[in-house]
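> Sharing a model prediction with you, sequence too.
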Amino acid sequence: MAEKLVFLSDEYFRTVTDRPVFPQITGETIAQRFDTSLPVEAEPLESLIDDCRAIIDGSRHNGHPRFFGYVASPSTPAGGFADLLASTLNPSVTSWRSAPAPAQVERTVVRWLGSLIGYDDNAVGLLTSGGSMANLTALLIAHRAKAEHAVAQEGIANGAERMMIYVSAQVHMSIPKAADVLGLGQKSVRIIPSDDRFCFNAIALDEASKTDQRNNLKPFCVVASAGTAASGAVDPLAEIGDVARRHGLWFHIDGAYGAPAAMVKECKPRFAGLELADSVSLDPHKWLYTPVDCGCLLLRDAAAARKPFVAEGEYVKVHETAELESFAFWDYGIELSRRFRALKIWLTLKFYGARRIAEAIAEDMEMAKYMAQQIEADPEFELLAPVQLSICCFRYVPASLSDQMKSANNHEERENLHAELNRLNERIMHRMQRGGRAYLSNAMLCDTFALRACIINFRTTRADIDITLETVRQTARELEAEENS
Ligand SMILES: Cc1ncc(COP(=O)(O)O)c(C=O)c1O
């Protein structure tokens, strides 16, 4: 089994570039192949390997050089084989007692991540399933740090004033979701309109917080993005940090996607203010190229971080007294049993070195810039947001519609054309996604449907960008031809 599965993994890494990005298969065919009856008796190994091959063939390939959807990076051999070993060893990284070396490795990689992005060389924290869990945990810690009553005993609703979180209109959906999960309610999330670069407006934040205080609400937290999911906008972290300090707000930075770009020397000024945050989310399974799942929450103040998680059960009582040996991750997060995620970060950083990873990130940013240049040079395309990191948002505008837009002389006509363009680009995206040549997803930017390429792949070349843009043009022409036939 070891030989065959290692062979399959190796073959996959070598052939991923030659596959269609999305399987040319229907849900019906996949169901026929896999919706089978329960295997009561063991099956021969060869048949299991056939299943694995069919699973590979029926997958979308996030590691393909022309996969640009959502925020999904390729795996690497270092990450893939680390996961194999982690599952083979199978520690449950609840605490030092349960997994002495794995727990130490996790504490070390958390510290490394803090220093890699210029946050804090002594950051504490933990690895999570991803950015959503890191954000949820951060908001839980923030709320308990700022609430004036004993929330663990009394719950949220003890008659106290509503506690408010401030976000920009570009915030990731995991933040309002966290507010909901924590029982704060989405009404506690004050959305501040972003500026014309899709960044947080610090002046508007200051005003909103003052207004809410006058109205007997209690501002307690602001969430800035170090790379929004939609367009990769980096909020003015130092300005937001300053407002947070003046208003006594917990300052959380969602860097799930973009924080690793702070490793790139030329980017450092853009991330100034990151060091002011009380907590930062960062996903190694996005721009550090480790396999899913692997998120991370970094925290500055270990005591505040532990406040919500006082575990008192006899079952988890720690009998060790030395600091290192009494350490428990349940003091910092929600989960008890936890997989050994740290090994894939450890092996990735040691195998490639942080310098090479930073170079790969810089190359991804170059690719996004190149894409934006090609878009700006082509009258059939319109760039919809500045490229700040490695996301490029644009739309296809056929010459016929472009002319009509220029001559439209009333609001209604412009709105109709806008809606038509939105529909056209949505159809282009959907057809491309199923076509298998290149894969884009979308972003809604001020009611405009944008085709969106998020480039976090060391395999992507300029030729891949050219092919992708050519595929957009061809797809648009196909749709036009079908409409006219
Ligand atoms: C900025 C940002 N925050 C949070 C998340 C959520 O991360 P995850 O999917 O790992 O839960 C994402 C996902 O794309 C993201 O881009």
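Cool, got the structure.
> Skipping its backbone neighbours, what lies nearest residue 265 in space?
Sequence neighbours aside, residue 358 is the residue nearest to residue 265 in space, at 7.8 Å (criterion: Cβ to Cβ, 6 or more residues apart in numbering). For the C-beta atoms, the positions are set from N, CA and C on the backbone; glycine is no exception.
> Would you mind checking the average pLDDT for the longest helix along the chain?
Under DSSP state H, the helix in the chain containing the largest number of residues is helix 411-435. If you average the pLDDT over helix 411-435, you get 96.
> Can you list the helices and strands that the strand or helix carrying the residue nearest to residue 265 packs against?
Counting by DSSP states H and E, the element that carries residue 358 is helix 354-376. Here helix 354-376 touches strand 381-383, strand 391-396, helix 462-484, going by 3 or more Cβ pairs under 8 Å, 6 or more residues apart in numbering; DSSP states H and E.
> Between these, which one is closest to residue 201.
Nearest to residue 201 among the helices and strands packed on helix 354-376 is strand 391-396; the distance by Cβ to Cβ comes to 19.4 Å.
> pLDDT value on residue 308, please?
pLDDT, residue 308: 85.
> quick one: it from residue 184, how far?
According to Cβ to Cβ, to the nearest Å, residue 308 stands 14 Å off from residue 184.
> Could you export stretch 8-23 as PDB, CA atoms only?
Presented in PDB, the C-alpha positions along stretch 8-23 are these (Å, rounded to 0.1, in the frame of the first residue of the first chain):
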ATOM      1  CA  LEU A   8       0.300   7.800  -7.000                       C
ATOM      2  CA  SER A   9       1.200  11.000  -5.100                       C
ATOM      3  CA  ASP A  10       4.500  11.300  -7.000                       C
ATOM      4  CA  GLU A  11       2.700  10.700 -10.300                       C
ATOM      5  CA  TYR A  12       0.100  13.300  -9.300                       C
ATOM      6  CA  PHE A  13       2.700  16.000  -8.600                       C
ATOM      7  CA  ARG A  14       4.300  15.300 -11.900                       C
ATOM      8  CA  THR A  15       1.100  15.300 -14.000                       C
ATOM      9  CA  VAL A  16      -1.100  18.000 -12.400                       C
ATOM     10  CA  THR A  17      -0.100  20.500 -15.000                       C
ATOM     11  CA  ASP A  18      -1.400  18.300 -17.800                       C
ATOM     12  CA  ARG A  19      -4.900  17.700 -16.400                       C
ATOM     13  CA  PRO A  20      -8.000  19.700 -17.100                       C
ATOM     14  CA  VAL A  21      -8.400  22.100 -14.200                       C
ATOM     15  CA  PHE A  22     -11.900  20.900 -13.600                       C
ATOM     16  CA  PRO A  23     -12.900  17.300 -14.300                       C
END
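> any idea of the mean pLDDT in that stretch?
97.
> Any idea how far that stretch is from the middle of the chain?
How far stretch 8-23 lies from its chain's middle: 23 Å, per Cα atoms, centre = their mean, to the nearest Å.
> Number of residues surrounding residue 460?
When counting by other Cβ atoms under 10 Å, one arrives at 26 neighbours for residue 460.
> Enumerate every residue touching it.
By Cβ atoms under 8 Å, 6 or more residues apart in numbering, the contact set of residue 460 is 65, 66, 364, 367.
> Could you say which helix or strand holds it?
Judged by DSSP H and E, residue 460 forms part of no helix or strand.
> Also residue 389?
Per DSSP H and E, residue 389 falls between elements, in no helix or strand.
> For it, the count of nearby residues, please.
Around residue 389 there are 27 residues (other Cβ under 10 Å).
> Next: the one 5 residues further on.
Residue 394 is flanked by 25 other residues according to other Cβ under 10 Å.
> likewise residue 196?
9.
> With residue 184 instead?
Residue 184: 22 surrounding residues under other Cβ under 10 Å.
> same question, residue 479
16.
> Same check on residue 446?
Residues near residue 446, counting by other Cβ under 10 Å, number 12.
> Quick check: which element contains residue 134?
Using DSSP H and E, residue 134 falls in helix 131-146.
> got the contact list for the closest residue to residue 448 other than its chain neighbours?
Distances taken as Cβ to Cβ, 6+ apart put residue 384 closest to residue 448, at 6.1 Å, once the chain neighbours are dropped. Neighbouring residues of residue 384 by Cβ under 8 Å, 6+ apart: 231, 393, 394, 395, 445, 448, 450.
> what about residue 384, distance to residue 404?
19 Å.
> Same question for the helix or strand containing residue 85: list its buried residues.
Element membership of residue 85 [criterion: DSSP H and E] is helix 77-89. Residues of helix 77-89 classed as buried: 78, 79, 80, 81, 82, 83, 84, 86 (neighbour count, 16 or more other Cβ atoms under 10 Å).
> so which of the residues you listed comes closest to residue 329?
residue 86 (15.2 Å).
> So the closest one sits against residue 340, correct?
Yes - using Cβ atoms under 8 Å, residue 86 is in contact with residue 340, at 4.0 Å.
> how many neighbours does residue 5 have?
14.
> Report whether it is found in a helix, as I expect.
Yes - counting by DSSP: H, G, I helix; E, B strand; the rest coil, one finds residue 5 located in a helix.
> circling back to that earlier point, name the helices or strands packed onto the helix holding residue 85?
Taking 3+ Cβ pairs under 8 Å, 6+ apart as the contact cut, helix 77-89 packs with helix 2-15, helix 342-352.
> Any chance you could list what contacts that helix?
Under the contact criterion Cβ under 8 Å, 6+ apart, helix 77-89 has outside partners 9-10, 13, 102, 289-291, 339-341, 343-344, 346-348, 351-352.
> Of these, keep whichever come out buried.
Buried, going by 16+ other Cβ under 10 Å: 9, 102, 289-291, 339-341, 343-344, 346-348, 352, out of those.
> I'm done for today, thanks for sticking with me.
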